[in-house]
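>>> kindly return the folded structure for what I paste below:
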Amino acid sequence: FLRRDMKVLLYFEAQKQIAQSGIGRAMKHQINALESNGIEYTLDPKDEYDILHINTVGFNSERIIKDARRKNVPVIYHAHSTEEDFRNSFIFSNALAPLFKKRITKLYSSADLIITPTAYSKKLIQNYGIKNEIINISNGIDLERFEPNAMKVEKFKSFFKIAEGEKVVFGVGLYFERKGILDFIEVARKTPNVKFIWFGHTNKFLVQKKIKKAIKNAPKNVIFPGYIKGDIIEGAFLGANLFFFPSHEETEGIVVLEALAAKQQVLIRDIGVYEDWLTDGVDCYKGNGVEEFTNIIVDILNGKNNSTQEEGYKVATTLTVDKVGKKLVESYRRILEKYEW
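Numbers count the residues shown, from 1 in each chain. Below you'll find the model as predicted:
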């Protein structure tokens, strides 16, 4: 059993800067997961703690690991980042990718245990030559946030002035090429009678020129409202007609879990990360390329494709934060047993 006074340091560097990203949401999910399992935690590295659960790869993160080692505290590294999802993101990301890979390989190798969200990301990290133990545990999802809520749906529709019967497709992500924003815009161009909304924002100094140009020249049926949280975006998950996420690379894709939890109709790119837990035509639809995405969307909106919403929700129920928390607790227990108290 775990000591009653065990305290976990959940460390996320630059919390304000990552708040809008998937890692930012992972932080909230980890907090919920530990709270639901009665595990004491802190976000402050100046506090006393018995285990370090680290989630970021900046210079302060490296310092925190060294501090934990001096204190003979076990280190669990949550590997949210890979070289593959670093590429095709911001300016110079491809040029920096080999250095980024070298850095994360060094940092991940400093841990007693590496946790990564999916079997796919686990395989990627193993291919870096890391010999440390790696397990995959989903980032999890808070089902309560996405329970049916007419007020949230009304706020969403009112905010975007959505007319009765108007079809709405939405996506969520940073302004990264990797996120599939270029395909999102081109699919919208081919379906001018449908409203497309892309939630998310990236500092303009980090956005690639071709992304800026694509956004500037996007058709009138595409809306870029920036980063929006709370009732309005949750209303989108609950009240839009389709969640379209054409990302080229993910370690899991928390927004996909959110869409499944909301019983939203989901269309994703057919990539490796979803291979072993999402099935085309059963709990989601998968596609590749503008033409195929367009055809699938038109069929879904016209009612020609079967709904995958209920089966998608079943997937979400297997990945709830309380279940994720139990797996984290098991990991803490196992690592702590290797250390003398």
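
>>> strands of the chain, start to end?
Counting by DSSP state E, residue ranges of the strands within the chain are 7-11, 40-42, 51-54, 75-78, 113-116, 134-136, 168-172, 195-199, 222-226, 242-245, 266-269, 285-287.

>>> so which elements touch the third one?
Using 3 or more CB pairs under 8 Å, 6 or more residues apart in numbering; DSSP states H and E as the contact test, the elements touching strand 51-54 are strand 7-11, helix 59-70, strand 75-78, helix 321-336. To be clear about C-beta, it is placed using only N, CA and C from the backbone, and glycine gets the same treatment.

>>> contacts for the first one?
Contacts to strand 7-11, defined as CB atoms under 8 Å, 6 or more residues apart in numbering, come from residues 27, 30-31, 34, 39-45, 47-56, 61, 64, 68, 332.

>>> ok, now with 6 Å
For strand 7-11, contacts defined as CB atoms under 6 Å, 6 or more residues apart in numbering pick out Q30, E40, Y41, T42, L43, Y49, D50, I51, L52, H53, I54, I64.

>>> which of the helices and strands packed on strand 51-54 has the highest mean neighbour count?
strand 75-78 (a mean of 24; mean count of other CB atoms under 10 Å).

>>> please pull out the lowest mean pLDDT helix or strand from this protein.
Across the helices and strands of the chain, mean confidence by mean pLDDT, DSSP states H and E is lowest for helix 15-18: a mean of 63.

>>> please, where are all the helices along the chain?
Per DSSP state H, the chain carries helices over the ranges 15-18, 22-36, 59-70, 83-86, 93-108, 119-126, 150-159, 181-190, 209-216, 231-239, 254-261, 289-301, 309-317, 321-336.

>>> looking at those helices, which is closest to I271?
Comparison of the helices of the chain against I271 by CB to CB identifies helix 119-126 as nearest, at 8.6 Å.

>>> what residues does the closest one touch?
A79, T82, E84, T116, I134, N136, T251, G272, V273, D276.

>>> and the last one, what does it touch?
Taking CB under 6 Å, 6+ apart as the criterion, D276 is in contact with A119.

>>> and it, how close does it get to N136?
Look at D276 and N136: by CB to CB, to the nearest Å, they are 10 Å apart.

>>> I'd like to know how many residues surround the closest residue in space to E311 that isn't next to it in sequence.
Nearest in space to E311, with sequence neighbours left out and distances taken as CB to CB, 6 or more residues apart in numbering, is D283 at 4.1 Å. Neighbour count for D283, taken as other CB atoms under 10 Å: 20.

>>> wait, what's in contact with D283?
D283 makes contact with T308, E311, G312, V315, according to CB under 6 Å, 6+ apart.

>>> redo that, cut-off 8 Å
Counting by CB under 8 Å, 6+ apart, D283 has contacts L260, V266, T308, E311, G312, K314, V315.

>>> what about it, distance to A163?
Counting by CB to CB - D283 and A163 are separated by 30 Å.

>>> can I assume E177 is in contact with N88?
Yes - assessed by CB atoms under 8 Å, E177 is found in contact with N88 at 4.4 Å.

>>> okay, those two: which has more neighbours?
The residue with more neighbours, out of E177 and N88, is E177; 20 against 17, by other CB under 10 Å.

>>> can you count the residues close to the closest residue to Y274 other than its chain neighbours?
The shortest distance from Y274 to any non-neighbouring residue, by CB to CB, 6+ apart, is to I268 (6.2 Å). Using other CB under 10 Å, I268 has 25 other residues around it.

>>> please apply the same query to the one 5 residues further on.
The burial count assigned to V273 is 24, neighbours taken as other CB under 10 Å.

>>> separation between it and V187?
21 Å.

>>> ditto for K204
For K204, the distance to V187 - CB to CB - is 24 Å.

>>> of these two, who's got more company?
Higher neighbour count among K204 and V187: V187, with 29 against 8, using other CB under 10 Å.
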